[in-house]
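Asks: Quick one: sequence plus predicted model below, questions after.
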Amino acid sequence: MSSIAQRLGRETIDTVSRQFYAQIRVHPRLAPIFAVVHDWPRHEAHISHFWWTVLGGDAYLDNQYNVARKHLDIGVTPALVDEWLALFEPVVRQHVASPDADEWLRKARMIGQSIALMNTPLD
């Protein structure tokens with residue numbers, strides 16, 4: 001059985017990453033958070049590889065990912081995670097048919113939940 005990554009191919013995952021981050025760069029609340037990114041093509045390639053591996057593809061780069069920590073370090077809040085997901089879903093759905101889009105978005109929500117939980121202060 002093939003993975004979602006194999007069914008979609010790297011080109012589709014790259015396209016989703018590029019289009020999503022093009023929207024991030026102009027989003028009123030997310031753009032300032034992601035202003036720490038200075039090399040967008042490199043960042044998009046890094047994130048494309050991340051999604052490739054999350055979706056079941058074999059790693060083709062020697063990247064390490066600490067998603068929750070990276071997002072904590074730049075100040076991503078649970079509310080911003082919700083905005084990120086709201087922006088991400090239509091881009092995925094534009095390029096990926098269900099059920100693969102549904103599964104990709106399920107994974108994105110789980111990752112978003114991890115980021116939100118790590119970035120929620122304990123009272």
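Replies: Received it, and whenever you're ready, just let me know what you need. Numbering: from 1, shown residues only.

Asks: So Glu11, which state does it fall into?
Replies: helix (DSSP: H, G, I helix; E, B strand; the rest coil).

Asks: who's in contact with it?
Replies: Listed by CB atoms under 8 Å, 6 or more residues apart in numbering, Glu11 has no contact partners. C-beta here means a position set from N, CA and C on the backbone, and glycine is covered the same way.

Asks: Tell me where the model's unsure across the protein.
Replies: Scanning the chain for pLDDT under 70 picks out 1, 65-73, 119-123.

Asks: Try it again at 80.
Replies: 1, 63-76, 118-123 (pLDDT under 80).

Asks: now that we're looking at the closest residue to Gln6 other than its chain neighbours, how far away is Gly112 from it?
Replies: Of all residues not flanking Gln6 in the chain, Gly57 sits nearest, at 6.5 Å (CB to CB, 6 or more residues apart in numbering). Distance of Gly57 to Gly112, given as CB to CB, to the nearest Å: 21 Å.

Asks: Give me the distance from stretch 88-108 to the chain's centre.
Replies: From the chain centre to the centre of stretch 88-108 is a distance of 11 Å (CA atoms, centre = their mean, to the nearest Å).

Asks: what does stretch 30-49 give?
Replies: Offset of stretch 30-49 from its chain centre (CA atoms, centre = their mean): 10 Å.

Asks: Just the buried residues of that stretch, please?
Replies: 30, 33-34, 37, 43-45, 47-49 (16 or more other CB atoms under 10 Å).

Asks: Thank you kindly, that will do.
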